[in-house]
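Asks: Starting from these lines, generate the structure:
(one chain, ligands or ions: 1)
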Amino acid sequence: MSSISGLVEDEISSFFETSPPLKKKEEIVAKLNQFIELNSSRQGEKRRIVCVTSGGTTVPLEQRCVRYIDNFSSGNRGAASTENFVKAGYAVIFLYRRGTCQPFCRSLPDDPFLECFEFPDAKTIRVHESHSEAVKMAVMDQQAAVEEGRLLKLPFSTIYEYLQMLRLMATALKDVGSCSMFYLAAAVSDFYVPWNSMTEHKIESGSGPLDIRLAQVPKMLSILRSNWAPKAFCISFKLETDSKILIEKATKALQKYKVHAVVANELSTRKEEVVVVSSSSNVVVRRDPGKPESIVEDNLIRLIVDRHSTYIKESHT
Ligand code: PAZ
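Replies: Prediction:
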C-alpha cells in the first residue's frame, strides 16, 4: 500500500496534537482491547470484527460549547447494519453519535419510555400490549448480543471525539488483519473550527453578524488504509443530494482512498436503494418492495459480507 503524502500526514498529526484530549481514553482502550481479545482468541471459532460508525459529528463553535454545527444523520443506517452484521455472526464495535438510533430499537416508538409502559396501579409497571412484542425483541436481542460479546457500543459527539476514537479502534484492530472491517456510515464533518483558534466562552451576540472561518478536516481515510489498519476490509459511504454527481463522486473516492467499496446514496432515496461502487462493478442494492418490513440493509450487508469473505480468502492465498 503506497504511503500518503508528507503534507497530508502533517495535517493529520497537527489535527490530533491540537485536539482536546479524549475523555475516558483509558477506559475506552481497555473496553476495546477486551472486546477484540474475546472475539479474536476464541478457540476454533474466531469471529470477524466490524467497526460500524453511525450518526453525524458535531463541530463546536466554543470550547465551553453552547453552539455547534451538526451533520445530518439519524443513525438508522448504522443501527440497521449493526443488527444485520450481528445476525451474520460478526462482533460489532458500534461507534455512534449520542442520541441517535440504536441497534434493535428501530421498531420502538420515538419516546419508548413514555409510550411503551403503563401503570395499572401505584405499585405495578407493565408494557403496553401493543408494544410488548417490540419491547421484548429489543431487550432480548440487545442483551444477547452484549452478553455473547458480539456488541460493544461507544458514543461520540464531536468531530474531535469521533476521529480520536476511530484512530484508537483502527490501531487496536491492526493485528486482526483481513478479518476486521470498517463500515464507515457516519456523516463526518468536512469543516471545523480548530480548537486553538476557538473562543473559550460563549460567543457574544448583539454586535452584528458573526464571521467564522472553518478549516478543512483532514481526510483520515487514506491514513486509515495506509497506516492504521492496512489489512482491514474498508467500506466508506458517499451521500449526495444531486443524483447526477453521486456515482462520479463515489468512484473518485474509491480511487483516491483505495477503499474496497464505496456505498453511494442519495438523501431522499437512501432508504430505498444504494449503489455499491467497487473496482469490479457498480451494484444497485434495493429493499424488497414486496415486503413492507424489508430494509435495504438486509441485502446490503449480505453483499458486503460476501465480498469480505472473498477478500479474506484472497488474503490467505
Ligand atoms: O443515518 P441515516 O440512516 O439517516 O443516513 C445514512 C447516511 C446517509 C448518513 C449514510 O448512508 C451515509 O451516506 N454516510 C456518509 C455521509 C457522507 O457522505 O459524509
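
Asks: interface residues of the stretch 1-150 of the chain facing the ligand?
Replies: 73-77 (CB under 6 Å from any ligand atom). Using the backbone N, CA and C atoms, a C-beta is placed for each residue, glycine as well.

Asks: Closest one to residue 292 out of those residues, please.
Replies: Closest approach between these and residue 292, by CB to CB: residue 76, at 16.2 Å.

Asks: Spatially nearest residue to that closest one (excluding sequence neighbours)?
Replies: residue 101 (4.8 Å; CB to CB, 6 or more residues apart in numbering).

Asks: Check residue 77 too.
Replies: Per CB to CB, 6+ apart, closest to residue 77 is residue 185, 4.7 Å.

Asks: doesn't residue 52 make contact with the one you found?
Replies: Yes. Shown here, residue 185 and residue 52 form a contact pair, counting by CB atoms under 8 Å, at 6.6 Å.

Asks: need the longest helix for the protein.
Replies: Secondary structure of the chain per DSSP state H: the longest helix is helix 296-315.

Asks: buried stuff in it?
Replies: 296-301, 304-305, 307-308, 311 (16 or more other CB atoms under 10 Å).

Asks: do the same with stretch 224-235
Replies: Under 16+ other CB under 10 Å, the buried positions of stretch 224-235 are 224-229, 231-235.

Asks: all strands of this protein, in order?
Replies: Along the chain, counting by DSSP state E, strands occupy 49-54, 59-60, 68-69, 91-97, 117-121, 124-127, 151-156, 180-184, 191-192, 215-216, 233-240, 261-266, 273-277, 282-286.

Asks: still on that earlier bit, does the longest helix of the chain come close to the ligand?
Replies: No. Between helix 296-315 and the ligand, judged by CB under 6 Å from any ligand atom, nothing touches; the nearest distance is 9.2 Å.

Asks: and the buried residues of stretch 224-235 as JSON lines, adding distance to the ligand?
Replies: Converted to JSON lines, the buried residues of stretch 224-235 look like this (distance: CB to the nearest ligand atom, whole Å):
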{"residue": "224", "distance to the ligand": "15"}
{"residue": "225", "distance to the ligand": "17"}
{"residue": "226", "distance to the ligand": "20"}
{"residue": "227", "distance to the ligand": "22"}
{"residue": "228", "distance to the ligand": "19"}
{"residue": "229", "distance to the ligand": "19"}
{"residue": "231", "distance to the ligand": "23"}
{"residue": "232", "distance to the ligand": "18"}
{"residue": "233", "distance to the ligand": "18"}
{"residue": "234", "distance to the ligand": "14"}
{"residue": "235", "distance to the ligand": "11"}
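
Asks: would CSV of the residues you listed with pLDDT be doable?
Replies: Listed next are the buried residues of stretch 224-235 as CSV, based on pLDDT from 0 to 100:
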residue, pLDDT
224, 97
225, 96
226, 94
227, 94
228, 96
229, 96
231, 97
232, 98
233, 98
234, 98
235, 98
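
Asks: So residue 135 versus residue 79, what's the distance?
Replies: 16 Å (CB to CB, to the nearest Å).

Asks: Pick out whichever of these two has more residues nearby.
Replies: residue 79 (23 against 17; other CB atoms under 10 Å).

Asks: ok, the residue nearest to that one when sequence neighbours are not counted - how many residues close by?
Replies: Excluding the flanking residues, the one nearest residue 79 by CB to CB, 6+ apart is residue 101, at 4.3 Å. Counted with other CB under 10 Å, the neighbours of residue 101 add up to 19.

Asks: Now do the end-to-end distance for stretch 266-277.
Replies: Length of stretch 266-277, first residue to last, CA to CA, to the nearest Å: 14 Å.
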